[in-house]
Each structure stands twice: as C-alpha cells, then as structure tokens.
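K.L.:
build me a model:
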Amino acid sequence: MVEKLYPYTVTDEKTIEIFLNDDNCSMGHVILKPGDELQEHSTDSNVYLLVVRGELTVTLNTVESKTFGQGAVINIPYRTIMGMKNTSANVMELFAFKSPNPSNYR
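P.N.:
Okay, the predicted model is just below:
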C-alpha cells in the first residue's frame, strides 16, 4: 500500500496533539471545551486552522480577536503571536496544519 493512516483522538475532552509530523508538514488536533484556552504563543511556521466543530476565538498579536465557526479555514503567518479560546457553549474542534514543517525553520 502507498497510503499512510494517521489516527487522532475522537473525544469531547480537552485534547492537544500532533498526529502527523513529517518532512513536508505537521498536523495537530485541538479540542477545547467551553471556556478552555491555549496560551498565546508565537507560531513556528505558517499555520492553517480548520474549524470542524463549534466556534473558535483567535487573538493575534495580543490585540485583535475574532471568532470563527465550523468550516472556517484561517491562515496565521509565521511568527505571529496567537492565542485560542472556546468562548461558546459547545465543544470546539480544529485541525492545525503547519507548512513547512517547523523543523525546516532555523
């Protein structure tokens, strides 16, 4: 077989995981319960967030916040300060694609 499978966690509990990490890209999976958040951090690559469930509030460069719903694809440039929070009453789930893989940056 040529294809590879990359399993990820299926749950409603808070989850932060990287389930694919190869030379080309890195893929992460985040689930946040209502009120959960991720600390602000500097992006280590170009990041593409795909919201697959609920609503995500993103803060960029510590000042600009915006909320995105299911189906949104958000591009966050390399070296942007980013924070994420679930401000809704429902579970939020997203996939984060980093390209190129952060290990390619020096």
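
K.L.:
not counting its neighbours along the chain, what's nearest the residue nearest to the spatial centre of the chain?
P.N.:
Taking CA atoms, centre = their mean as the criterion, Ala96 is the residue nearest the geometric centre of the chain, at 3.6 Å. By the measure of CB to CB, 6 or more residues apart in numbering, the closest residue to Ala96 outside its immediate chain neighbours is Gly28, 4.1 Å from it. Backbone N, C-alpha and C define where each C-beta goes, glycine included.

K.L.:
and what about the one you found, helix, strand or coil?
P.N.:
Classification of Gly28 using DSSP: H, G, I helix; E, B strand; the rest coil returns strand.

K.L.:
now the strands for the chain?
P.N.:
Counting by DSSP state E, the segments of the chain that form strands are 15-21, 26-32, 37-42, 47-53, 55-60, 64-69, 73-76, 81-85, 92-98.

K.L.:
so where's the protein uncertain?
P.N.:
Judged against pLDDT under 70, the low-scoring parts of the chain cover residues 106.

K.L.:
rewinding a little: for the residue nearest to the centre of the chain, what are its contacts?
P.N.:
Taking CB atoms under 8 Å, 6 or more residues apart in numbering, we find Ala96 in contact with Met27, Gly28, His29, Val30, Val47, Tyr48, Leu49, Leu50.

K.L.:
report the buried members of the residues you listed.
P.N.:
Under a neighbour-count criterion of 16 or more other CB atoms under 10 Å, the subset of the contacts of Ala96 counted as buried comprises Met27, Gly28, His29, Val30, Val47, Tyr48, Leu49, Leu50.

K.L.:
mind putting those into a markdown table with distance to Ser103?
P.N.:
As requested, the buried ones among the contacts of Ala96 are arranged in a markdown table below (distance: CB to CB, whole Å):
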| residue | distance to Ser103 |
| --- | --- |
| Met27 | 14 |
| Gly28 | 14 |
| His29 | 19 |
| Val30 | 20 |
| Val47 | 15 |
| Tyr48 | 17 |
| Leu49 | 20 |
| Leu50 | 22 |
